[in-house]
Structures are given as C-alpha cells and as structure tokens.
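Trainee: Provided below for reference: sequence and predicted model.
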Amino acid sequence: MSTSGFDFKREGPEATRAIVLHVERKNQKATSAFDRNASSKLQEAMGLADAIDLEIELALIAPLVAPRPATYIGSGKVAEIAAKVKETEAELVVVNAQLSPIQQRNLETAWGCKVLDRTGLILEIFGRRASTKEGSLQVELAHLQYQKSRLVRSWTHLERQRGGFGFLGGPGESQLEADRRLIEERISKIKGDLETVVKTRELHRKGRERVPYPIVSLVGYTNAGKSTLFNKLTNANVFAHDMLFATLDPTMRNVVLPSGRTIILSDTVGFISELPTSLIAAFRATLEEVLAADVILHVRDVAHEETEAQAIDVYHVLTELGLSDENRSHIIEVWNKSDLLDANGQAGMAAKSDRRADVALVSSLTGQGIDHLLDLVELKLAKTSTLYEITLGAADGAGLAWAHKRGEVIDRLVYEDGRTKLTLRLDPDSAGQAAAKFGKAMKEKK
C-alpha cells in the first residue's frame with residue numbers, strides 16, 4: 001500500500017495506468033535566464049511518475065492563465081482530461097502542480113479516478129525509497145502533514161458522528177475529527193522519535209569530530225550522478241540507477257586521498273525544482289549535515305540541457321537550509337557526465353572548467369577527471385588545516401593520545417632518548433588548543 005492510500009500496481013500488465021499533466025502558467029515572470037520550458041517540465045514529471053513504475057498512457061501540457069479556485073485548471077481542460085481518462089482507462093492522473101485539497105477532490109470527482117499533485121507524487125517516491133528508520137520517519141512525518149489537510153477527500157465515512165458517552169451527551173466526535181486527532185497524535189510521536197534520532201546523529205557527529213577526518217559531502221540535483229560518483233570514489237556498491245531519486249538515505253564511507261589523507265565521504269538525497277517545503281523541513285536534520293562539511297561537492301549533470309537551472313535549484317535549497325558565504329567557499333563544482341558530451345561539447349566544457357579553480361570536469365562512469373577532482377579536494381582541505389611538528393617527552397603519553405585524538409598524524413619519529421616527534425595536521429581550533437598545551441614544543445611545519 002502506498003503512502004497516499006492508493007494501491008499502485010507496479011509490475012507487468014497490471015501496472016497502474018496514468019496520465020501525466022503539466023500545468024504551465026502563462027505570462028509568469030521568469031525568475032532567471034535559465035528558467036525551464038514547459039516540455040522539459042513535463043519530461044521531469046514523467047520521470048517522477050516513472051520512478052514509481054507507473055504505466056504512462058498519455059502526457060500533455062495544460063496552459064493556464066490563472067488558477068481556478070475549484071479545479072485549478074479551466075473547465076474545458078477538465079472535460080478534455082475526463083474524456084482522455086475514459087479513453088485510456090487511466091486509474092490515476094498526475095498533475096504537475098501544487099493542488100489544494102478542494103481542487104484535488106473536485107478533480108477526482110470530475111475524472112472518476114485518483115489524482116496526485118507534485119507534492120503527493122514526490123512523497124510517493126520518497127516513501128518507496130526510504131529504508132533507514134530515520135528516512136522512514138522523515139517521510140511519514142512529511143506525508144502526515146500533507147495528508148492532514150486532505151482528510152476531506154480521503155475518507156467516505158466522515159459525515160458519521162460518534163455518540164457521546166456518560167452524561168455529557170451531545171453529538172459526539174465526528175470521524176473527521178477523530179482521524180485528524182489520530183494524525184496529530186502520530187505526528188507528535190514521530191517528532192519525538194526524530195528528536196531521539198537527531199540526538200543520536202549529533203553524538204555521531206561529535207564522535208567524528210574526535211576522529212580527525214574531514215567530512216566531504218555530495219549534493220546535487222537528483223539523477224546528476226552523485227551515487228555513481230560515490231561508488232567510484234569509495235569502491236562501494238550503493239544503488240545507482242538512471243532515475244529520479246534512485247537513492248534517499250544518507251551513506252558514509254572512508255576515502256583515502258592520493259596524499260594518504262583520509263576523509264569521510266557523505267552522500268544524501270538529491271534535490272529537485274519545487275521540492276516540497278514539508279520535505280525540506282522533515283529532512284532538515286539530514287540535509288544540515290551538508291553545511292557542517294569541510295568540503296561540499298556540488299555534482300552537476302553538464303550533459304543535461306538545463307544544468308544551469310538545476311544548479312540554481314540546488315543553491316536555492318541550500319540557501320533555505322542556511323548556506324553561508326563561508327559554506328560557499330567550501331564548494332567544488334563537479335561537472336559530471338562528460339562522457340555523454342560529443343567531442344565539441346567536451347572541448348567546450350573543458351575550456352570553461354579550466355578557467356575556474358573550483359571546478360572539476362569528470363565522468364563518474366569512466367573515471368575521467370577523478371584525479372583532478374581529488375587534487376581540488378586536497379587543496380580545499382589544505383586551506384582549512386596546517387601541518388605542525390610537536391616534540392613530546394618520553395613519558396608524555398597523554399600528549400601523544402591528545403595528538404592522535406585531535407589531529408591527523410602524518411609522520412612519527414622516535415628518538416633514541418625516547419622523545420617522539422610528530423608531524424600532524426590540525427584545524428585552526430585544534431591548533432590553538434595545541435599551542436596552549438605544548439607551547440614551544442610545537443612549531444608550524446614549513
């Protein structure tokens with residue numbers, strides 16, 4: 001059973017037949033020079049529908065001058081879609097727009113089938129992809145908050161009243177009120193469970209801070225190739241497929257850079273245009289891990305015709321999460337899928353990337369450009385830490401333990417008299433503490 005209460009059939013000839021409708025607002029002011037056209041928006045909506053294996057019978061665009069309060073789209077288009085539903089025997093219409101509960105109910109009545117808007121469709125995908133406890137709780141929370149206002153169209157028994165009890169009398173509690181109360185109780189319970197998960201995540205984060213490995217996070221538009229790049233860099237086998245939101249739950253692995261330095265590489269959910277705010281809120285604790293990273297790798301599909309618009313969408317979500325100027329200075333743009341470009345396209349992209357110090361042109365599939373990307377990561381990390389030499393007395397076990405706990409030990413030399421000289425890398429905070437602790441025994445390595 002899906003999160004919306006509609007049982008999607010996803011296999012073989014009994015797969016749910018669907019119509020995908022993109023509603024294109026006319027005369028809407030462009031937000032940037034890279035705004036998408038209606039055709040590409042429809043293609044993305046079809047990709048979302050395909051991500052839950054719907055059988056797409058028809059895909060079309062509905063121009064819209066102004067939204068109608070009752071049905072969002074005009075009566076003529078409502079009648080046209082009703083005929084198409086009957087003709088194709090569609091069981092579901094996906095409307096690539098944000099519908100109000102009343103609009104959704106009225107369209108379901110007019111078309112005689114289930115209706116999902118963009119938010120509902122993305123929630124379906126997330127519900128299917130989440131596999132960890134945290135991911136499942138986050139998706140359920142977002143779904144319940146979305147569903148709470150849509151109870152009017154989700155139940156057929158809402159007019160019935162439950163009788164009062166005892167001497168209070170009265171009409172009792174309606175089923176609608178009871179269902180809404182149960183949802184509120186479940187939301188409260190999930191929020192409590194998530195607080196526990198967040199505290200655990202914070203403990204894990206503090207634990208990683210004690211291990212002197214910098215965090216490198218992957219972000220990017222969904223299907224930009226983050227998971228494929230993650231697999232290439234870590235030799236892991238994280239699920240990667242040519243579909244929107246192929247992976248959802250965050251994954252972390254150790255990676256050893258060419259210099260021998262160890263980093264923790266983190267992959268998380270992909271972004272998309274008009275990502276529902278409820279999902280951003282539900283996944284905030286997970287996504288904020290990105291902002292705590294030492295380096296952020298923004299993976300872009302440069303073979304996609306709307307790569308610039310997708311990049312803008314990613315930065316928009318990051319800004320909502322609190323991206324600062326300091327965070328921006330930690331970003332490396334990874335121009336991925338260069339293997340899908342023709343010779344002229346590759347040459348042009350290579351020339352553009354060569355003019356920027358924060359860009360690596362790569363193919364996570366073939367490995368092209370990966371060495372250059374790792375060099376850029378090394379350079380970024382070098383700006384946030386410095387090499388020092390510390391000479392410890394033979395009996396200074398506590399100092400040795402502190403150095404291993406707070407720094408990355410690069411080299412260790414033990415003298416005949418038992419003294420130990422450490423070469424280690426320290427971030428600015430740890431360097432200040434080390435200076436106070438070791439004094440003249442510590443010096444910056446030139």
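Mentor: Now that the structure is in, tell me what you want to look at.
Trainee: okay, now the closest residue to S338 other than its chain neighbours: neighbour count?
Mentor: Excluding its sequence neighbours, the residue lying closest to S338 (Cβ to Cβ, 6 or more residues apart in numbering) is S363, at 4.7 Å. Where you see a C-beta, it was placed from the backbone N, CA and C, and this is true even at glycine. Using other Cβ atoms under 10 Å, S363 has 22 neighbouring residues.
Trainee: Which pLDDT value does the model give S363?
Mentor: Note for S363: predicted pLDDT of 95.
Trainee: now do the one 3 residues further on
Mentor: Reading off the confidence values, T366 has pLDDT 93.
Trainee: Likewise for G369?
Mentor: pLDDT, G369: 95.
Trainee: What segments of this protein are strands?
Mentor: 17-25, 55-64, 92-96, 114-117, 215-220, 251-256, 262-267, 295-301, 331-336, 359-361, 386-392, 408-414, 420-426, 442-444 (DSSP state E).
Trainee: Which elements pack onto the longest one?
Mentor: Spelled out, it's strand 55-64. Packing contacts for strand 55-64, counted by 3 or more Cβ pairs under 8 Å, 6 or more residues apart in numbering; DSSP states H and E, involve strand 17-25, helix 38-50, helix 75-88.
Trainee: ok, now the fourth one?
Mentor: Contacts defined by 3+ Cβ pairs under 8 Å, 6+ apart place strand 114-117 against strand 92-96, helix 101-111.
Trainee: Tell me how many other residues surround L194.
Mentor: By the criterion of other Cβ under 10 Å, L194 has 19 neighbours.
Trainee: repeat for the one 3 residues further on
Mentor: In terms of burial, V197 registers 17 neighbours under the definition other Cβ under 10 Å.
Trainee: what's the weakest-modelled helix or strand in the protein?
Mentor: helix 151-154 (a mean of 49; mean pLDDT, DSSP states H and E).
Trainee: thinking again about what came up before, Throw the helices and strands packed on strand 114-117 into CSV and include mean pLDDT, thanks.
Mentor: Formatted as CSV, the helices and strands packed on strand 114-117 follow (pLDDT from 0 to 100):
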stretch, mean pLDDT
strand 92-96, 95
helix 101-111, 93
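Trainee: Mean neighbour count and distance to G120 added to those, as CSV?
Mentor: As requested, the helices and strands packed on strand 114-117 are exported to CSV (neighbours: other Cβ atoms under 10 Å; distance: least, Cβ to Cβ, whole Å):
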stretch, mean neighbour count, distance to G120
strand 92-96, 24, 9
helix 101-111, 18, 8
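Trainee: Quick one: closest of the ones you listed to K337.
Mentor: Of all those, it is strand 92-96 that lies closest to K337, at 24.5 Å by Cβ to Cβ.
Trainee: Identify the residues contacting that closest one?
Mentor: Strand 92-96 has contacts (Cβ atoms under 8 Å, 6 or more residues apart in numbering) with 6, 8, 16-23, 41-42, 44-45, 48-49, 54, 72, 81, 85, 107, 111, 113-118, 121.
Trainee: how far off strand 55-64 does that strand point, in degrees?
Mentor: Following axes from the mean of the first three to the mean of the last three Cα atoms, to 10 degrees, one obtains 40 degrees for the angle between strand 92-96 and strand 55-64.
Trainee: Tabulate the helices and strands packed on strand 114-117 (CSV), appending distance to K443.
Mentor: Converted to CSV, these look like this (distance: least, Cβ to Cβ, whole Å):
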stretch, distance to K443
strand 92-96, 62
helix 101-111, 67
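Trainee: what about K352, how many residues close to it?
Mentor: 13.
Trainee: for G439, that is, sorry about that
Mentor: 8.
Trainee: With A401 instead?
Mentor: Count around A401 with other Cβ under 10 Å applied: 10.
Trainee: got a list of what L373 touches?
Mentor: By Cβ under 8 Å, 6+ apart, L373 lies in contact with L297, I332, V334, A360, V362.
Trainee: With mean neighbour count, mean pLDDT and distance to K148 as new columns, can the helices and strands packed on strand 55-64 be given to me in CSV?
Mentor: As requested, these are exported to CSV (neighbours: other Cβ atoms under 10 Å; pLDDT from 0 to 100; distance: least, Cβ to Cβ, whole Å):
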stretch, mean neighbour count, mean pLDDT, distance to K148
strand 17-25, 22, 93, 24
helix 38-50, 19, 90, 23
helix 75-88, 15, 95, 26
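Trainee: of all these, which lies closest to I272?
Mentor: Across these, closest to I272 is helix 38-50 (Cβ to Cβ), at 7.7 Å.
Trainee: Point out the other helices and strands that the closest one packs with.
Mentor: So helix 38-50, by 3+ Cβ pairs under 8 Å, 6+ apart, packs with strand 17-25, strand 55-64, strand 92-96, helix 118-129.
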